[in-house]
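J.: What follows is a predicted protein model with its sequence.
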Amino acid sequence: LDRAALLTTLQTNPNVDVSGLSDYELLRLKKIQRNEAKLASLGLCRNGGGNGNAGAGGNGSALLVPPVRSEKAKKAADTRRRNTERARIAIEQHDRTMRARNNHDGS
């Protein structure tokens with residue numbers, strides 16, 4: 001790990017304070033910057049990049065634009081939600097039935 005090269009690379013961004021960071025944290029910040037640049041080149045970053053703030057409440061990465069969900073995708077999500085709820089109810093009903101049978105057989 002070339003700490004001096006990492007420091008030089010990261011110090012070009014005035015929003016990043018690298019004083020007192022470990023090698024791991026420096027490497028992580030460099031990877032975050034690399035990933036933000038790639039996302040920006042793909043047009044996936046809002047405002048062209050992050051604020052470099054790797055403190056509490058964020059990892060220093062840019063906010064991604066939330067995807068626009070089509071009506072078909074919304075309907076599919078609702079169906080999955082309903083099916084999950086129905087399956088949960090069916091399992092609970094089955095469990096109650098089996099407990100009742102076991103209690104009845106054991107008497």
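T.: Sure thing, it's come through.
J.: Could I get the full set of helices for the protein?
T.: For the chain, the helices defined by DSSP state H cover 3-10, 23-41, 71-106.
J.: Export those as CSV, with columns for mean neighbour count, distance to residue 17 and mean pLDDT.
T.: For every residue, glycine as well, the C-beta is placed using N, CA and C. Output for the helices of the chain, formatted as CSV (neighbours: other CB atoms under 10 Å; distance: least, CB to CB, whole Å; pLDDT from 0 to 100):
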stretch, mean neighbour count, distance to residue 17, mean pLDDT
helix 3-10, 14, 9, 74
helix 23-41, 15, 10, 85
helix 71-106, 10, 41, 89
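J.: any idea how far residue 79 is from residue 70?
T.: 14 Å (CB to CB, to the nearest Å).
J.: what's the nearest residue to residue 3 if we skip its chain neighbours?
T.: Nearest residue to residue 3 in three dimensions, chain neighbours excluded: residue 23, at 6.0 Å (CB to CB, 6 or more residues apart in numbering).
J.: wait, isn't the one you found in contact with residue 2?
T.: No. Using CB atoms under 8 Å, residue 23 makes no contact with residue 2, being 9.8 Å away.
J.: Dihedrals phi and psi, residue 22?
T.: Taking degrees, to the nearest 10, you get phi -80, psi 170 for the backbone angles of residue 22.
J.: any idea of the pLDDT on it?
T.: According to the prediction, residue 22 has pLDDT 82.
J.: Just give the number of residues close to it.
T.: Residue 22 has 9 neighbouring residues, counting by other CB atoms under 10 Å.
J.: What separation do you get for it and residue 73?
T.: Note on residue 22: its distance to residue 73, by CB to CB, is 42 Å.
J.: swap in residue 94?
T.: Taking CB to CB, one finds residue 94 at 31 Å from residue 73.
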